[in-house]
Each structure stands twice: as structure tokens, then as C-alpha cells.
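Asks: mind looking at a prediction? Sequence and model below.
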Amino acid sequence: MKYNPNTVEAKWQQIWAAVGADRVPAADDRPTFYALGMFPYPSGNLHMGHVRNYTLVDAIARCRRMQGYRVLHPMGWDAFGLPAENAAIERGIHPAVWTHQNIAQMRAQLQALGLSYDWEREVATCDPDYYRWTQWLFLRFWEAGLAYQKEATVNWDPVDQTVLANEQVDSEGRSWRSGALVEKKKLRQWFLKITDYAEALLQDLDTLTRWPEKVRAMQANWIGKSLGAELTFAVVGAEARIPVFTTRPDTLGGVSYVVLAPEHPLVGVLTAPGQQETVAAFVAEVSRESERERTAEDRPKRGVPLGREAINPLTGETVPIWIADYVLAEYGTGAVMGVPAHDGRDFAFAQQYGLPVWAVIVPKNGEPPAGAYTDPGVMVNSGDLDGLDSGAAKAEVVGRAEAGGWGQGRVQYRLRDWLISRQRYWGCPIPIVHCPNCGAVPVPADQLPVVLPENVEFTGRGPSPLATLQAWVEVPCPSCGTPARRETDTMDTFMDSSWYFLRFADARNEALPFTRDRANAWLPVNQYVGGVEHAILHLLYSRFFTKVLRDRGLLDVAEPFQALLTQGMVQGLTYSNPQKTGKDRWISAEKVVWQENADGSRIPHDPHTGEVLTVAYMTMSKSKGNGVSPQEAIAKYGADTVRLFVLFKAPPEKDLEWDEADVEGQHRFVYRVWRLVTEYIAFAGKNSQGVDRNLRREIHTAIRNVTEDFGENHRFNTAISELMKLTNALQEGDRTSETYGEGVQTLLQLLFPLAPHFSAELWEMLGQTPALHEVSWPAWEAAALTVDEVTIVVQVNGKMRDNILVPTAQGGDREVLLAQAQAAPNAAKFLVGKEIRKVVVVPGKLINLVVG
RNA sequence: GGGGAUAUGGCGGAAUGGUAGACGCUGCGGACUUAAAAUCCGUUGAACGCAAGUUCGUGCGAGUUCGAGUCUCGCUAUCCCUACCA
């Protein structure tokens, strides 16, 4: 019978859906397993990155089902966000309509891959049934004092009169839509107090032993814990005091100036009369610069003096006070003590403006470097601290500061509170009403959800569409009934995705986002799989949510994701013209002009200029035109081949090169199995007799190795190579033995999690019942793995010289091995005239003769 | 500047401190075919050799060990993340 992937795949997808093969089974005494891939944004089309991500999770989920777990394997949609609003602006289609169309299309694409989702738990974050609970959870944060408002800087497009997201500002600081230079503007914004959890988020990284080291390091860096001190400088002739944060209190004696951020609140107070204009001009100039300009590398540091002096609390010396663009208002106290001798940035600044450099630490041995000396050392020029180790001096200075009331030790985190306000329509409305009497009042739970109004006009200009809808905005205060106004900001979409894994545990609950029991039953996610691009934000926010919800008594787990796998990118063949720079150097594959050389090799050329192109594998992206459509690949080869290819070509965490020849190779493998099994079926029943011990050993070796490869490390690439070996062994094996049938069945069982459709079909054709998705994972028999004789490697001085064959029982017998090794002809050559000084035996493996 | 990762044939990649290169791709040779495709068989790290085999070989340099791709120390290169974070 001819193998037609598309027919076979459609058939089994229908069968599994009809019998509910992928639904979470009712609770019983089996252990649970929660397998999750990061849910996608419904752009409308699946790309290869999705295919790889979800195939990995599916293989894990299917294998765990066969191994006797109750598996939760859900899928949903991260469905709020800007692209839907852009579609509305550009094409006049409502974001909800556009989004739901895309979801329908992508759901069909996922289904064509044969992914074993429990679709009854599907969620879309833009549906009121979901975002109602996002709002409900926001109010739990509010109750806990973890949601608050404050002024914050936003990107403001002066032409369109609208707020822009960071990703809508290009590298030159211009609006993507209007092209106007983006300005900074202060607006009152909502924040979540993630900084309250900085220490817990940092500490618990240690418990995530099955996360990649890389991701844990990235999160730790992002949280950025620094141990140091806050020290206070008094100001000559003024009441004000300047607190600074430093990690190097030992260098306090070397301070030659104090410097504030231009935005520091004390700037106005402290500026001397004669410096008013200079300072005002500098502050204005800095505020005009974009973040990018201000933080650009190798840009000279700039500043101006305030015309006033501060008093060094340790030495009593006076030093000038400056403001400078290299000091950040948001970090620490927004003020820094300038120690040019021991800080690279301060050194550069001091050089620029001729400020003095006073060294107070020298290396233990050797000469101090020409620039700043930032390593530990010995104190000098520091009065009674001289001779002290700089580490000890740190503690001493902090001790004196605490005793003298001018400072104390302090922990500083780099992590900032999470700004969740977005001035847009297509997001979850923040369930708050602003009342002139009561202030910010939460919308009562029984009035949730605050539903997004539908009759909205999208222009891309002016304030958020929500703010212009008077009928929606104007409501009575839930508390006192006074006419009040709804909050018109919506939430960052990361809010929606910070708890979706909890909703899947109880997706159809209409009374709560989830019950505590269900959450506890399924969480933490046993295996989470996604791209490393979410290593910080999504994963950190989800951890934060989980900890807050635990502290609010909504569930009992401290961490949402027990094991994390960050899969590599999918790369495509990429043609670029080295003569060009920028976006137009990429030539998509179908546009490349091929010219044949005399020797038959084909060289790619630019279709416009005729220049020779370079070829490389690069991450697939629209702009490079190097993407491969999953739909086309599935139509051409079938989902099983595509699945096997993405699993085989590289280990999961490495980048994967989409190579058509390798896809063909995988297709050949599928066909080979098909032919092998159908030929066996045609043959079966004739002469089935006897056990083929060698074949049986290969079968059970394959079971053992594949089972191990399906463990925590998810080595699907080597699992598939084991299956290829088993296939090769069967091809060479004796069909008349009864072992052959065992081999064929085992092959299909092991293949099922990876390539479910055609293995299920062949299983059925074999006449096996029940259907393959109900069959459990095979176990290997230790007895089947034994051999009568083992090959022992003979080494002389550690070099392989010969092999000997000995009965298994004697594989560790020193005398036997030594005698045979000396007799082995090729080894013997290297023993002539030499004395054996030592014999090393590794039982069952090798014997090494050390001679001299 | 800080952090993380990686380095093995023509290519993707395998190798609990014990036969380096499994498995696959490509290339080459052959079978089948009127021919081609498909399929099947053989071969495919380098050098020397008729062969048996020998020598070299896992980015570079040391070290530990009977034995190192693997462990230790020191470098180099590439990639990714992050960054005036005081």
C-alpha cells in the first residue's frame, strides 16, 4: 500500500479528536505531568520556530502519557497587543475580528502538525472570560499594596499626539509611524511593585536547578543586587544633604567631587545664583536627548558645576558639587561620590574637567595602573585607615558612618518596578475608577469584567481610543456614587501571560481564575519550553505573579516552572550582497539569480546588480526573506517528516539549520519504515519461528537508549538515531524469526511520540489493538541485553593495538585477559623486547599493558 | 566593562576518563533502468602503504592520569545576553 502522508495524518487527527485522546483524563492515582510550550501571539501564521517549540513539547507529552502519567498539555493565545490595533488602523478591521480570524487559522495549522493538545482548555487572553480574571488578579495586587500610580516618563510622538511603546521608536529615536523625533513626557502611570520581591526572586533562582544556567544568570544580572552603603554629604551653606549610594565606601577618602543626576530634585535647591543659567541650559539639553543618545558608548561624559561645595563626612574636606549626564536619576539615590582614582567613569569625567585625582588604595604588589585602580588593595593617604586592607576599610567606614549618623550599609537592586500602563485600546482594561472624592477606587468584583467597548474608531493619532469614549469613561464612583472617570489605560500584555499557565489548570472556572486545589494539583509546570528571548521578562514576571499569589493564599507553589528548556532558533539559507549594507542587502531565495560555472557549480547572483552573493545560515526572519513556510513543508513531506526533521537535526537547545536535503533524508527514513512494516505485514504468518538473539538485543538496546534519551535531557536527536539503527537492524534481520514481529512493534511504539500519525497507521495495519495512543511505553529486559562473548580492547601504553574476544564471564579476569592480550598478534608486536610493568583492566572493556 | 555559552571530518552532529567521528546529509563508485527519477549495495578525517598496517588528528599551550574530545590551569576565536547601575 502506498504511503500518503496527508491522508494518513488527516485520518488520525480526526480519530484522536473524536475519541478525545488528548483530553486530560479524570483524576485518578496516576502521577501528573504538565507539559507546556510558550503560547504564541496570534499573528495569523505559524513559523518554524513555533513548529520546533511545539513539536518538542508534544513529543514530551506523548511520551509521558505512554509512560503512565496523567498529562496536561494545553494551548492558548497571547492575543492582546499592538499588531491588532495596527491592522485596525491600516485596514479598518476591528482588532477582535482580526485576532479571532488569526487564531482560527493558526489553530488549524497547529492541528495539522498533530499536536496532542487538550483543546477544551484553550484560552485567549483577549476574551472577556479570560481578562476578567486578569483584572481580578490585578485587584489582588492592589489590595496587597503592590499596584500603585506614579509619574513616569513615556515616549511621546508630538505629531500624532500619542504615546509610543519602546518598540515603536526606531534606532534614531523617531516614531515608526509619523517619523517625528520622539519626546519624553511625564504621565501618571500604573506600576507593580516587583521590587518588593527582588530578594525572593533572586534567592529562589537557586532552587531552579533544571533551568539553564544562562537564564538564571540573566535573571540574577537583571535583578542586580549590590551590597554597599548610603553615605550622606552635608552642603556648605545649605540645609540640604546629599545621600549617595556606593559599593566602595573604602574609597570615600578619595572623593574629589560629588555629582547629581540632572533630574535630581536637589538641583534646583543647590544651584548657586551665578550658575543658574548654565545649569538650566545643561538640564534642558540633556532632557532633549533620547535615551539612546545619552547612553551611547564612547561618548564623552558631560557636566557642569552647581557652584557649591559638599563636605566629605570622613575627612571634613570640601569638594565641588556637579551635575552630569552619566549619573542616572533612577538608580540608587541619583547621586554619586566622584572617586576618579578608583572608578573608570569618574576618572574619565575628572580628566574631561580637570578635577583632581586622589589615590587612597594601592595594589598589594606592583605599581598602580595609569588610569583608575578598581581592584582591592591597601589603604594609603587615608589617615588612620592607612595600611588597612581595602576590604576591611569598607566595613570600617560603614561602621563610622553608622556611629556618626552620616550613613549606613545598604543593599541596592537594579530591578525597577514594573510599569504596566499602556495608553492603547487592545489590552486588558485596568479595573479602576478615579473619583474626585475617593481617589482611585477598584471596580467591585461582581462588576468584572470591565469590558472593552466595541464601537471604537482607530486613527493612530491622539489619545487612546478608550479615553475619547465618554459613554464608557463616565461612570459613578463604585464607592460614593459621585460622577467619576474610568481608568483608560490598559495593561501591558505581559500581565496576561504572567498567569495563563495557572488558568490552564482550571480553564473553564466561572467563579474564580482557578481553584487552589487545581492549581496545586498541576503546578509547577513540569516542563516548560520556549525561546530564550523570554529569559528575563516573561519568566521573571511569571515568577513574581506566582509568588504574590502564593502570599495571597491562592496557591501553594513558590515557582511556576520546574524545568525550563530554551530551544534554539531555526535558521534558513540566507543570501546577501556583501556590496550593500542595511536592509536591502538581503535577497530572498526565490529572487536569487543562479549562474552556472564551467565546472557545473552554481553561483548565486544579485537579480538587480548581478553581484555575487554570499550564502550563510541565519535565523529566519521576514526582513531576510529566508523563512520556510511550515504549511508548505507539511504539504510536501507530511507532518511526521517535518516533526522528525526538527527533532533530529540538532539537540533542542542549539540552533537548527533548515536544510532541504536533510528533510529529504528524514522523509526517506519515514518511507523506509513504511516499507519495512508493510513488507513484513505481507510476509507475516509464514514461518514465524525461533528467537533471533542478536536482533532481540538490538531491540532492547534501542528501548533502553531511547527511554534514556526521552528523560530530563530530551535528547531527541540521538533517540531518532537509535530508531534508525533499529530500522537498519530490522532491514538486515531475519523476517522468519518471531523476534522480528517484536522488533516491528517496538519500533512503532518508540516512534509514536515523535511521528504519531504514520506509526499509528502502521500499528493498525499490523492488526494491533488497542490503538497505539492507548499503548504503554515498552520496557527493556536486562536479560535480552546479555552477550556470550565480549570484545576486549588491547592497549599497549594507552594506544589501541588489538581486540580479543573472551567469554562474558571472563571479561574481568585479569589472568585470562593478560594471557590472550600477549598472544594477540598485533599487540604482541609492541611487546617484543619490552618488560610489562603494569596491567590495567577495565572489566568487559579493555586491558592496557604498560611496557618500558 | 560585566555575565553566559560554544569550538570535533566537506556539513549537521555522536561519544558514563577507556576503539574519536554513532546516526544522518553531501560527494564518489556500482546495481537496477532503453534512459532518468526513486530504490538498493559499497565507500567517504588526513598522510604513507599493494596489503597487513603505521603515523597524525577533537581551537592553542601546559598539567593530572596507565589512558584526556571529556578533568585542572592559562590563552585565542566566535556567538548570545547585558551595560555609564556607582
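Replies: Great, that's in hand. Residues are numbered from 1 along each chain as shown, chains lettered A, B, ... in the order given.

Asks: next to RNA strand B, which bits of the stretch 201-350 of chain A? Give me the list.
Replies: With CB under 7 Å from any atom of the strand as the criterion, the stretch 201-350 of chain A comes near RNA strand B at residues A:213-214, A:217-218, A:221-222, A:224, A:226, A:228, A:245-248, A:261, A:294-295, A:297, A:299, A:301, A:325-328, A:330-332, A:334, A:336, A:343, A:345. For every residue, glycine as well, the C-beta is placed using N, CA and C.

Asks: just the buried residues out of those, in PyMOL syntax.
Replies: Burial among these is assessed by 16 or more other CB atoms under 10 Å; the matching PyMOL selection reads:
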select buried, chain A and resi 218+222+228+245+246+248+261+294+301+325+326+327+331+332+334+336+343+345
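
Asks: among the residues of the stretch 201-350 of chain A next to RNA strand B, which lie within helices?
Replies: Counting by DSSP state H, these place A:Glu213, A:Lys214, A:Ala217, A:Met218, A:Asn221, A:Trp222, A:Arg294, A:Arg345 in helices.

Asks: need the max-distance pair from those residues.
Replies: A:Glu213 and A:Arg294 (33.1 Å; CB to CB).

Asks: ok, the closest residue to RNA strand B within the stretch 601-750 of chain A - contacts?
Replies: For the stretch 601-750 of chain A, the nearest residue to RNA strand B under the criterion CB to the nearest atom of the strand is A:Gly665, separated by 2.5 Å. Shown in contact with A:Gly665 (CB atoms under 8 Å, 6 or more residues apart in numbering): no residues.

Asks: next helix or strand past whichever helix or strand it is part of?
Replies: Per DSSP states H and E, A:Gly665 falls inside helix A:660-683. As assigned by DSSP H and E, the chain's next helix or strand after helix A:660-683 is helix A:693-709.

Asks: tell me the mean pLDDT for that following helix?
Replies: In this model, helix A:693-709 has a mean pLDDT of 94.

Asks: which parts of the stretch 351-500 of chain A sit against RNA strand B?
Replies: Applying CB under 7 Å from any atom of the strand, we find that the stretch 351-500 of chain A lies next to RNA strand B at A:Gln412, A:Arg414.

Asks: show me where the stretch 351-500 of chain A has its strands.
Replies: A:361-362, A:378-379, A:407-413, A:418-419, A:421-422, A:432-435, A:439-442, A:474-476, A:483-486, A:490-491 (DSSP state E, counting those that start in this stretch).

Asks: gap between the fifth one and the chain center?
Replies: Translated: strand A:421-422. 23 Å (CA atoms, centre = their mean, to the nearest Å).

Asks: direction included, what does that strand pair up with?
Replies: Counting by DSSP bridges, the strands paired with strand A:421-422 are strand A:490-491 (antiparallel).

Asks: outline the domain layout of chain A.
Replies: Chain A is divided into the following domains under automatic domain parsing: A:145-195+A:418-487, A:225-413, A:570-637, A:641-784, A:787-851.

Asks: one step back: report the buried residues of the helix holding A:Gly665.
Replies: Quick answer for helix A:660-683 (16+ other CB under 10 Å): A:Val663, A:Gly665, A:Gln666, A:His667, A:Phe669, A:Val670, A:Val673, A:Trp674, A:Leu676, A:Val677, A:Thr678, A:Tyr680.

Asks: also stretch A:787-802?
Replies: A:Val790, A:Ile792, A:Val793, A:Val794, A:Gln795, A:Val796, A:Arg801, A:Asp802.

Asks: inside strands: which ones of the residues you listed?
Replies: Mapping the buried residues of stretch A:787-802 onto strands (DSSP state E) picks out A:Val790, A:Ile792, A:Val793, A:Val794, A:Gln795, A:Val796, A:Arg801, A:Asp802.

Asks: next, A:Asp160: secondary structure please.
Replies: Judged by DSSP: H, G, I helix; E, B strand; the rest coil, the three-state class of A:Asp160 is coil.

Asks: got the confidence number for it?
Replies: For A:Asp160, the predicted pLDDT is 72.

Asks: my guess is it contacts A:Arg461. True?
Replies: Yes - counting by CB atoms under 8 Å, A:Asp160 touches A:Arg461, with 4.5 Å between them.

Asks: looking at these two, which has the bigger crowd around it?
Replies: The residue with more neighbours, out of A:Asp160 and A:Arg461, is A:Asp160; 16 against 13, by other CB atoms under 10 Å.

Asks: for the stretch 751-852 of chain A, what lies in contact range of RNA strand B?
Replies: Residues of the stretch 751-852 of chain A lying near RNA strand B (CB under 7 Å from any atom of the strand): A:791, A:793, A:795, A:797-801, A:803, A:826, A:829, A:838, A:840, A:842, A:845-846, A:848, A:850.

Asks: quick revisit: tabulate the buried residues of helix A:660-683 (CSV), appending distance to A:Asp22 and pLDDT.
Replies: Output for these, formatted as CSV (distance: CB to CB, whole Å; pLDDT from 0 to 100):
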residue, distance to A:Asp22, pLDDT
A:Val663, 26, 94
A:Gly665, 30, 94
A:Gln666, 24, 94
A:His667, 26, 94
A:Phe669, 26, 95
A:Val670, 22, 95
A:Val673, 24, 95
A:Trp674, 24, 94
A:Leu676, 28, 93
A:Val677, 25, 93
A:Thr678, 27, 92
A:Tyr680, 29, 91
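
Asks: got CSV for those, with distance to A:Asn45 too?
Replies: Shown next, in CSV, are those (distance: CB to CB, whole Å):
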residue, distance to A:Asn45
A:Val663, 19
A:Gly665, 26
A:Gln666, 23
A:His667, 23
A:Phe669, 28
A:Val670, 25
A:Val673, 31
A:Trp674, 30
A:Leu676, 36
A:Val677, 35
A:Thr678, 35
A:Tyr680, 40
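
Asks: grab the two from these that are most spread out in space.
Replies: Applying CB to CB across the buried residues of helix A:660-683, the maximum distance is between A:Val663 and A:Tyr680, 26.3 Å.

Asks: residues contacting the residue of the stretch 701-850 of chain A found nearest RNA strand B?
Replies: Nearest to RNA strand B in the stretch 701-850 of chain A, going by CB to the nearest atom of the strand, is A:Gly798, at a distance of 2.8 Å. Going by CB under 8 Å, 6+ apart, A:Gly798 touches A:Asn848, A:Val850.
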